[in-house]
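Asks: okay, predicted coordinates and the sequence, questions at the end:
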Amino acid sequence: MANAYISIEAIARRFPAPDGNRTTIFEDLWFAMDRGEFVCVIGHSGCGKTTVLNILAGLDEPTEGAVIIDGKAIEGPSLDRAVIFQSHGLLPWRTVLGNVAYAVASKWRDWSKAQVEEHAKKSIALVGLAGAEHKKPAELSGGMKQRVGIARALSIEPKIMLMDEPFSALDALTRGTLQDEVRRICRDTGQTVFMITHDVDEAIYLADKIVLMTNGPDARIAEIVANPLPAGRARNEVHKHPAYYPLRSHIIDFLVSRSKAFTEELAVPGKVWNRRAPPVVSPGADVAPPAAVTA
Ligand SMILES: Nc1ncnc2c1ncn2[C@@H]1O[C@H](COP(=O)(O)OP(=O)(O)OP(=O)(O)O)[C@@H](O)[C@H]1O
């Protein structure tokens, strides 16, 4: 996958099975991402999404294959890659500022306390938490805690953001606001993002590409959906775009029936499946958008 910023090359992950053999979660998985691309991964529970994310984060190692980032194979975690999980994982005894400053100080070890705090405050302001710097996590709502987690991730100025269902524990209103903020920040800062979600509308709103994974074990990338919606899409315009419903139906149909049927399709004798180049589709791309929602 020449010239890709992130190149997942033939990775496999196998775990010991109770019968003494090994279960293959996935194998020979290939995927490439460009710099600045926002990718969402969708697939049923257990297909291996978090395992792929952990490998990208350097928190887990593939049993086979490699992940190359900017020309170098991953060897463990790096401050170039920030991870945001569903649960924020804040240090409860530290304030908002203390939590973010801790990350800043671990990246820029020679900075003075004043420099660290000034930088941390900028990230806190970016996620709309200016004024809450001295609160402890217990004094914050779930949405505010998740904002602190995002501020902490952004504060180290990562090249890549890895997000595992970052908004799934939030109420719909807070989730929408945070999606808007993450989208704005990622576009402004040119972040490369790999995000796992179970929320089809979230993927449609945020992603440039949506990776559809089949059910595990031996999950594979069934399709890569190139989002046909304009890059400058606005939340309240997305559902008015003529490509929205074809796109949404395609993904839901995959989740409801095709992800399972896929295994049977692949079992058909003579069926050839190129794991290295899964089909790229763009449902609804052929429908002309009305002038009002064109980017
Ligand atoms: N350390 C481990 N040992 C054994 N099996 C594991 C281990 N980690 C993950 N698995 C198995 O690998 C499979 C994929 O897990 P993973 O968490 O990556 O799935 P997922 O697609 O992210 O699921 P979900 O959507 O529920 O978070 C699951 O069957 C899980 O039980």
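Replies: On my side now, so go ahead.

Asks: what about the strands in this protein?
Replies: Taking DSSP state E as the criterion, the chain carries its strands at 6-16, 22-33, 38-42, 64-69, 72-73, 81-84, 160-164, 192-196, 209-213, 221-226, 280-281.

Asks: the ligand is nearest to which of those?
Replies: For the strands of the chain, the distance to the ligand is smallest for strand 6-16, at 3.4 Å, taking CB to the nearest ligand atom. Backbone N, C-alpha and C define where each C-beta goes, glycine included.

Asks: could you dump the strands of the chain to CSV with mean neighbour count?
Replies: CSV is the format used below for the strands of the chain (neighbours: other CB atoms under 10 Å):
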stretch, mean neighbour count
strand 6-16, 18
strand 22-33, 19
strand 38-42, 24
strand 64-69, 17
strand 72-73, 10
strand 81-84, 22
strand 160-164, 22
strand 192-196, 24
strand 209-213, 23
strand 221-226, 20
strand 280-281, 14
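
Asks: lowest average confidence, helix or strand, in this protein?
Replies: None of the helices or strands of the chain scores lower by mean pLDDT, DSSP states H and E than helix 259-267, at a mean of 78.

Asks: CA atoms only: put that helix into PDB for me.
Replies: Presented in PDB, the C-alpha positions along helix 259-267 are these (Å, rounded to 0.1, in the frame of the first residue of the first chain):
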ATOM      1  CA  SER A 259     -22.800  -9.100   7.400                       C
ATOM      2  CA  LYS A 260     -24.100 -12.500   8.300                       C
ATOM      3  CA  ALA A 261     -24.900 -13.700   4.800                       C
ATOM      4  CA  PHE A 262     -21.400 -12.800   3.800                       C
ATOM      5  CA  THR A 263     -19.900 -15.900   5.400                       C
ATOM      6  CA  GLU A 264     -22.300 -18.100   3.300                       C
ATOM      7  CA  GLU A 265     -21.500 -16.100   0.200                       C
ATOM      8  CA  LEU A 266     -17.800 -16.700   0.700                       C
ATOM      9  CA  ALA A 267     -18.400 -20.400   1.200                       C
END
